[in-house]
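# Provided below for reference: sequence and predicted model.
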Amino acid sequence: MKLILPFTPEYFRWLRNEAPEGGVETYPEIGENYESSVRGIYVIGDLTGLPLLKYAVDSGTKCVSLLPRSVAEKTDGEIYDLIIVGAGPAGVSAGIEAKKRGMKFLILEGNQAFHTVSSYPKGKPIFAEPSDLQISSPLQIRNGTKESLIEDLRLRLTEENLPLRENVLVSEILPSSFPKSRFAVRTQEGETFECLHLILAIGKSGDSRRLKVKGEDLPNVFHRLIDPADFQGQKVLVVGGGDSAIEASLALEESAESVTLSYRSAELSRPKEENKRRFLDLTSKGKILFFPETSVSEIRTGNVFLRSTAKEKSLSVDSTLVLIGSEPPTSFLKRIGVALQNFRSKRAWTGFFASLSFAVAVYFGKSAFYGIDWYSWAASAGLFGFGVFGILWYSMRDRSPIGLDWSLFRTFYLSTAALYFCSTYVLAKYFGTFLFGKAPGFHYTFLYSLTIVVFGIRRMKVRPTKYIRRQTWTLILVQVFPLFLLPEIILPFLGSRGFLGAPDGFLLTQVFPGGAYWKAYGLVLAWPLNMGVLYDGGITAFWLLYGIALTFLLIPYLVIRFGKGAYCGWICSCGGLAETLGDESRTKMSHGFWAYRLEHSGQWILLAAGILTAAKLLGSYSAYFQFLAQTADPIKKLYDVFVDIGLAGVLGLGAYFFLSGRVWCRMFCPLAALMHVYARFSRFRIFAEKKKCISCNVCTKVCHQGIDVMNYANRGRPMDSVQCVRCSACVTYCPTGVLSFGEIRNGKEVRETLKATL
């Protein structure tokens, strides 16, 4: 076995364990009732991120059924209760439900009804998946072909006699000037329609992804296959590796002279098993040529250049089909103000700087009482920045009517908590007044615990699974009792009344020497997340033994047996805040290049923590090494500012609503970095039923540790990323129940039962 040395390229590759590094699709940000960031505008169908016809129909029915009752009231003149943009399966199902509820509504379609379905390749097979999804709409999806599906859909549309306007393209959606209306919908023809609520069912297939290579605009390059007979006797190159590309290759095999598929990856992981089996069968017989790990570098009239790692080759090609997916209509969505995932608006950036400034005030403010003056200046600057950016953020708020909903409560709570802490800091620092007789650190811990309780209750309400309830209550109880009440209230109370024993007793000499009740945090928060557990010039035998046992014995056991999430997702206070306050922003975690490059930065922080702690311990126990402790102390102060305050505090808290609550945990936490090493030996896995995976990317999108879960599922590979914190989001949000927790036991897969229905 090859020896792998720490902090070498081989070591980091070993930690990564060939984990896939795919990105996520870009979709509008929508809530649980399909509402977008603009109040009154709803998004259904493919734009929700679930590329299945049955889900599209179901989303249309559910969205209308969840609209406020006031929408169904009679309106004056030409003001509609509801306008639906798009007449695909989602839009038509929404129209059927609106008709059922007696609403005054209109459907506007820029083309013909069901245009996208009509554009499917001739004879394309239709799979009514997931088979166990029961939809209440009369618009049913059945197994068959494109032609049978179109016949069923058009028959139902005729029977329902819905108010549908075809070939009417919506160009603008503006705030209405009428008092009883909300939106003015304008078309390219110059018509304007007023409505209270608006549903977007426009799909995402209109904007095909492009290769961005020379020659892509030639007339022999296509982004959609309509009829394979159009390519009779031609040499055709298909580019892509999803179901669309595979199905096109299969359809063209009978009519084209030759069919070649180029795909950038080494294996086909995304297509359905039946499509993949048929494709590989034809390639083995030489009827379809397959060039994996190739990319198109240039397209010409009679040939195409393919680049691989080894060389570039030229293929004789008559036509090229680029089937690499599609992008949502981002320009239209941006123009009407709908927020998109992974796009940062001015308001989002302003909010980020406000949160960052508040985090500066919090962490430098509570640390200022340790006697470092410039901490106070930093905290004051943070207060100023929080005020300025907070005002700017509020001034750019959504102008739509705001009701007494969760968004308003969340904003009120966070604003109140921020003002509360800032007040405690200002009173203590500048007026010498300690609120309730407590230093700012007490109020910080109180607010931290209260936030986990409040947002934890909300998490259990919106994600009511047995696993979530158990995990969240555990996080709440660990935070409230051992990490707040015990060190801040219970121990000081007991100590002041002599209930902890004599001053020379075990508790007050070994566990809490000299009344250092803050050391109780070390009972839960292990080294090196809590450096004070072992970095201590006067460390007692208890803390030396306990700290070593917790960090190097108990936590490794938990990680190897249950996965890293046994501590990160169920015990750690950082994880507690991330899983509660950060639950709503989990989709904001970056899956881009820079994020994957940074995610093991914590290994270097772990190295620094190890060197500093070893130097301090050696200097404390041996006079020969006192110089090491003296050298370590000033470096430790820099470590505290850069790591504990800067990365864990300021960035960790400031990025909660901008980059998700797991930025610190994923990239910089030294304890997580240590557990990554343990996790390479863990038995914990997330298994996938590959045949059921629809490649919707939801599992990857909701992972706030940045794991490309979908690629694991596509390959049928048990997910063994060291980043996993067992939050269960990928399992519970998977629309087809593909994923499940489990472990490798004696070389065999053992799956757990985890309810995946939300």
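Yep, that arrived.

# select the longest strand from the chain.
As assigned by DSSP state E, the longest strand anywhere in the chain is strand 192-200.

# give me the helices and strands touching that strand, please.
With contacts defined as 3 or more C-beta pairs under 8 Å, 6 or more residues apart in numbering; DSSP states H and E, the packing partners of strand 192-200 are strand 41-43, helix 53-65, strand 79-85, strand 105-108, strand 183-187. Heads up, the C-betas are built off the backbone N, CA and C, glycines and all.

# run the last query once more with 10 Å
Secondary structure elements in contact with strand 192-200, counted by 3 or more C-beta pairs under 10 Å, 6 or more residues apart in numbering; DSSP states H and E, are strand 41-43, helix 53-65, strand 79-85, helix 89-100, strand 105-108, strand 170-175, strand 183-187.

# any idea how many residues pack against the residue nearest to Asn220 when sequence neighbours are not counted?
Using C-beta to C-beta, 6 or more residues apart in numbering and skipping residues adjacent in sequence, the residue nearest Asn220 is Ser319, 4.8 Å away. Residue crowding around Ser319 was assessed by other C-beta atoms under 10 Å; the count is 19.

# then Arg13?
Applying other C-beta under 10 Å, we find 11 residues neighbouring Arg13.

# for it, give its distance to Arg680.
12 Å (C-beta to C-beta, to the nearest Å).

# so in this structure, which helix runs the longest?
Among all segments of the chain classified by DSSP state H, the helix with the greatest residue count is helix 406-431.

# which strands and helices sit next to that one?
For helix 406-431, the contact count by 3+ C-beta pairs under 10 Å, 6+ apart identifies helix 346-367, helix 373-395, helix 440-462 as packing neighbours.

# weakest of the ones you listed in terms of mean pLDDT?
In terms of average pLDDT, helix 373-395 trails the rest of those, at a mean of 84.

# roughly how far is that helix from the heart of the chain?
Between the mean C-alpha point of helix 373-395 and the mean C-alpha point of its chain there is a distance of 29 Å (C-alpha atoms, centre = their mean, to the nearest Å).

# against which helices or strands is that helix packed?
Based on contacts counted as 3+ C-beta pairs under 10 Å, 6+ apart, the elements that helix 373-395 packs against are helix 346-367, helix 406-431.

# need those in TSV (columns: mean neighbour count and distance to Ala713).
Formatted as TSV, the entries for the helices and strands packed on helix 373-395 read as follows, by neighbours: other C-beta atoms under 10 Å; distance: least, C-beta to C-beta, whole Å:
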stretch	mean neighbour count	distance to Ala713
helix 346-367	22	30
helix 406-431	15	31
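
# could I get the ones you listed as a markdown table with distance to Ile457?
Output for the helices and strands packed on helix 373-395, formatted as a markdown table (distance: least, C-beta to C-beta, whole Å):
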| stretch | distance to Ile457 |
| --- | --- |
| helix 346-367 | 22 |
| helix 406-431 | 12 |
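
# mind checking the helices and strands packed on helix 406-431 for the one nearest to Thr433?
The minimum distance between Thr433 and those falls on helix 440-462, with 11.5 Å, by C-beta to C-beta.

# quick one: the helix or strand just after that closest one to helix 440-462, angle?
Of the helices and strands lying after helix 440-462 in sequence (DSSP states H and E), the nearest is helix 466-480. An angle of 170 degrees separates the directions of helix 466-480 and helix 440-462 when computed by axes from the mean of the first three to the mean of the last three C-alpha atoms, to 10 degrees.

# what comes up buried for the next helix or strand after helix 466-480?
Tracing the chain past helix 466-480, the next element assigned as helix or strand by DSSP H and E is helix 491-496. Taking 16 or more other C-beta atoms under 10 Å as the neighbour-count basis, helix 491-496 is seen to contain the buried residues 491, 495.

# over to stretch 59-70?
Of the residues in stretch 59-70, those buried under the neighbour-count criterion (16+ other C-beta under 10 Å) are 59-64, 67.

# show me the contacts for Leu508.
By C-beta atoms under 10 Å, 6 or more residues apart in numbering, the residues touching Leu508 are 495, 500-502, 514-517.

# just the buried positions in the longest strand of the chain, please.
Of the residues in strand 192-200, those with enough neighbours to count as buried (16+ other C-beta under 10 Å) are 193-200.

# for the helices and strands packed on helix 406-431, give me TSV that also has distance to Asp640.
Converted to TSV, the helices and strands packed on helix 406-431 look like this (distance: least, C-beta to C-beta, whole Å):
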stretch	distance to Asp640
helix 346-367	8
helix 373-395	10
helix 440-462	14
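
# break the chain into its domains for me.
41-206, 210-324, 345-674 (automatic domain parsing).

# can you say which of the ones you listed is nearest to Arg715?
With C-beta to C-beta as the criterion, Arg715 lies closest to domain 210-324 of those, at 4.7 Å.

# which regions of the stretch 51-200 of the chain lie under the pLDDT threshold?
Where the stretch 51-200 of the chain drops to pLDDT under 70, the residues are 69-77.

# how about a cut-off of 50?
Low-confidence segments of the stretch 51-200 of the chain, defined by pLDDT under 50, are located at 72.

# restricted to strands, list the contacts of Leu508.
Using DSSP E, no member of the contacts of Leu508 falls within strands.

# from those, which land in helices?
Among those, the residues falling in helices (DSSP H) are Gly495.

# just the closest of the contacts of Leu508 to Lys636, please.
Nearest to Lys636 out of these is Ala516 (C-beta to C-beta; 17.7 Å).

# pretty sure that closest one sits against Leu507.
No. Taking C-beta atoms under 10 Å as the definition, Ala516 is not a contact partner of Leu507, at 11.0 Å.

# any residues in contact with both of these two?
Common neighbours of Ala516 and Leu507 (criterion: C-beta under 10 Å, 6+ apart): Leu491.

# run through the residues that contact Lys346.
Taking C-beta under 10 Å, 6+ apart as the test, what Lys346 contacts is 392-393, 396.

# out of these, who's nearest Arg278?
Relative to Arg278, and with distances defined as C-beta to C-beta, the nearest of the contacts of Lys346 is Met396, at 53.0 Å.

# my read: that closest one touches Gly337, true?
No. Under the contact definition of C-beta under 10 Å, Met396 does not touch Gly337, with a separation of 11.4 Å.

# got any residues that touch both of the two?
Ser345.

# pick out the residue closest to the middle of the chain.
Central residue of the chain (C-alpha atoms, centre = their mean): Thr587, 2.3 Å from the mean position.

# and the next element down the chain from the worst-scoring helix or strand of the chain on mean pLDDT?
Among the secondary structure pieces of the chain, namely its helices and strands, strand 207-208 has the lowest mean (mean pLDDT, DSSP states H and E), a mean of 70. Tracing the chain C-terminally past strand 207-208 and defining elements by DSSP H and E, one meets strand 221-222 next.

# got the contact list for that next one?
The set of residues that contact strand 221-222 without belonging to it, under C-beta under 10 Å, 6+ apart, is 208, 210-211, 213, 215, 230-231, 236-237, 239, 248, 296, 299, 304, 317, 319-323.
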